[in-house]
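Trainee: Quick one: sequence plus predicted model below, questions after.
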Amino acid sequence: MTASDSLFLTIVITARHDNYGGDFRDRIAMPLRFNFERLSERGVPYELILVEWDPIPGRPLLCEMLSKELPDATERVLRPVVVAPQYQAAMTQNPRVPYLEYVAKNVGIRRAAAPFVLVTNADILLGREIVDAIADRRLQTGTMYRAPRCDIKLGVDQIGLQWSTLEDRTNQVRQPDLKPPLFSSAAGDFLLSDRDTLHRLRGFNEVYRAARAGVDTNFMVKVHSAGIPIVEIGGTVYHVDHVGSLRVSKSLHRDNRSDSPWGDLDWHSERVTYNNPDGWGLRDAPARQRPDGVVFLDFDWRAVPPLVELRRIVLPARVADRAIV
Amino acid sequence: MTTAMTRLLGAFGLAPVSQVQQLNGDARRTEAKIAQLEQKLEEVRADASNWKRRYEDTIEAVAGWKQATHRAQAECELMKRDGDRIKGDLERVKADLQREQPRTAEERRRAESLKAELQGMRARVENAHRVTDSANEQLIAMEVKLDLIEAAIQVLDTRTREQAVSSAQ
């Protein structure tokens, strides 16, 4: 039996060492430690795929910093995948969007080894009920699990953060709100399904790469259109607000919604869907592994999807209970 | 003998004791009878008075009934007249109905035809809605595709310019 045979869960996140959203320790190391401790306490065998997309030249890799900050977690669960910076330049459709977050996540989904895959963000803390559901293996295949996101107020002291602190409503600034049929609010923060379903869907939209905002909602349209049941897992994830997050910064781009770092905030993400090409998730990118286990995806034009492939933008199939706003 | 004695006493205005006693008894009985008769007479008188009162009551009631009968007769007359009038009205309405029946049938035919037309129009409107929705969806897809084309042109333009600048240098 190989190590991947005993895995139950792959967690996919993407980040890079760019100080996005503030201090790396508070924003990334703390949540990773928190989730590692909670899942380890419950004996969940999992791997954490960290996709470092477009790493900034001259700066240490995030996975290298994490190995110093969280040696135990790094050694036991971390599987870093570093994507050559040329892919961002080759794939971008909008230079104002500096980080193709969802293509990066597809890289992780494509390479997940466990039967279930949780796609989330580096600064997300898993709630108590979610860890219970995963640890008790109460997950069905062919189902897309969602969890609402509860925002914790900006600047809260994160040292020794516990579930009791997160669950205290006085620390929360935004209550969870998931509405059927798409359950799409903050979908990028928690999407859990079996690997086969995610592979059948071919991950997030790689055809429309001009925006980062709304790509998670667009994925939910695809899930719903494919007739895959969307179910609330029965718990909350927590997110500590930070400067630069989409929610906090949206008001800054109120008057110019098409020109934000997330692309056009109003593109028709709820009205169209997509068919990713076979090579989604940089399938054909040549991989090499360093002795410390870090996987590098080197640049190759053959792995890059066409700049434009209009036939891959399609209309969602009508589903009876669907009510698109 | 006794009779002779009695006649002799009678000649002197006398009568034998036994006869006197008998006569006294007869007189008492007669008095009692008279009293009885007087009482009966009183009763008859009371009865008569009672009957008279009842008679008067009856007469009064009969008069009332007579009046009521007159009123009823008058009302009957009125009702009869009303009935006749209503009958006349009914006849007229019946005649009107008979006259209007063809027109009603025509109106019914028209209503049914309008209903069918309305259903057809509704189906056409629903179809138009579907077509509009579909066209709208296609337009949105086109808009997304145009965004992509524009984005790609901009990217290519930037790359071309960068290449041109670097080869010029």
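Mentor: Perfect, I can see it now.
Trainee: Out of the helices and strands in chain B, which is least certain?
Mentor: Counting by mean pLDDT, DSSP states H and E, the weakest-scoring helix or strand in chain B turns out to be helix B:2-11, with a mean of 78.
Trainee: Now do the very next helix or strand once past it: which elements does it pack against?
Mentor: With elements assigned by DSSP states H and E, the helix or strand that comes after helix B:2-11 is helix B:17-168. When contacts are defined as 3 or more CB pairs under 8 Å, 6 or more residues apart in numbering or on different chains; DSSP states H and E, helix B:17-168 sits against strand A:313-314. No exception for glycine: its C-beta is placed from N, CA and C like everyone else's.
Trainee: and for the strand it packs on, what are the contacting residues?
Mentor: Residues outside strand A:313-314 that contact it (CB atoms under 8 Å, 6 or more residues apart in numbering or on different chains) are A:Val207, A:Tyr208, A:Val272, A:Thr273, A:Tyr274, A:Asn275, B:Ala141, B:Val144, B:Lys145, B:Leu148.
Trainee: Now for those residues, which sits with the most neighbours around it?
Mentor: By neighbour count, taken as other CB atoms under 10 Å in any protein chain shown, the most surrounded of these turns out to be A:Tyr208 (28 neighbours).
Trainee: surely it meets A:Val221?
Mentor: No: assessed by CB atoms under 8 Å, A:Tyr208 is found out of contact with A:Val221, at 11.8 Å.
Trainee: Give me the common contacts of these two.
Mentor: Between them, A:Tyr208 and A:Val221 share these contacting residues under CB under 8 Å, 6+ apart: A:Val272.
Trainee: Tell me, how many residues neighbour B:Ser167?
Mentor: One way to gauge burial is a neighbour count; for B:Ser167, by other CB under 10 Å, it gives 7.
Trainee: per-residue confidence averaged over whichever strand or helix holds A:His199?
Mentor: With the criterion set as DSSP H and E, the secondary-structure element containing A:His199 is helix A:195-201. Here helix A:195-201 scores 98 as its mean pLDDT.
Trainee: Heading C-terminal from that helix, find the next helix or strand.
Mentor: Beyond helix A:195-201 in the direction of the C-terminus, DSSP H and E gives the next helix or strand as helix A:215-225.
Trainee: what pairs with the longest strand along chain A, and is each one parallel or antiparallel?
Mentor: Taking residue count as the measure and DSSP state E as the definition, the longest strand of chain A comes out as strand A:46-53. Strand pairing for strand A:46-53, determined by DSSP bridges: strand A:9-14 (parallel), strand A:78-83 (parallel).
Trainee: quick one, helices of chain A?
Mentor: In chain A, the helices defined using DSSP state H lie at A:3-6, A:24, A:30-41, A:62-69, A:71-76, A:86-91, A:101-110, A:128-135, A:163-167, A:195-201, A:215-225, A:246-249.
Trainee: Could you say which of the ones you listed is packed most deeply?
Mentor: The highest mean neighbour count among these belongs to helix A:101-110 (a mean of 25), with neighbours defined as mean count of other CB atoms under 10 Å in any protein chain shown.
Trainee: Give me the angle between that helix and strand A:46-53.
Mentor: The directions of helix A:101-110 and strand A:46-53 differ by 140 degrees, with axes from the mean of the first three to the mean of the last three CA atoms, to 10 degrees as the criterion.
Trainee: what does helix A:101-110 contact?
Mentor: A:10, A:12-14, A:49-51, A:53, A:81, A:83, A:87, A:91, A:117, A:119, A:188, A:195, A:198-199, A:203-206, A:209, A:212, A:215-216, A:219, A:276, A:280-283, A:285, A:297.
Trainee: now swap in stretch A:124-131 and tell me
Mentor: Applying CB under 8 Å, 6+ apart, the set of residues contacting stretch A:124-131 is A:31, A:34-35, A:38-39, A:42, A:44, A:147, A:149-150, A:161, A:163, A:166-167, A:189-190, A:233-240.
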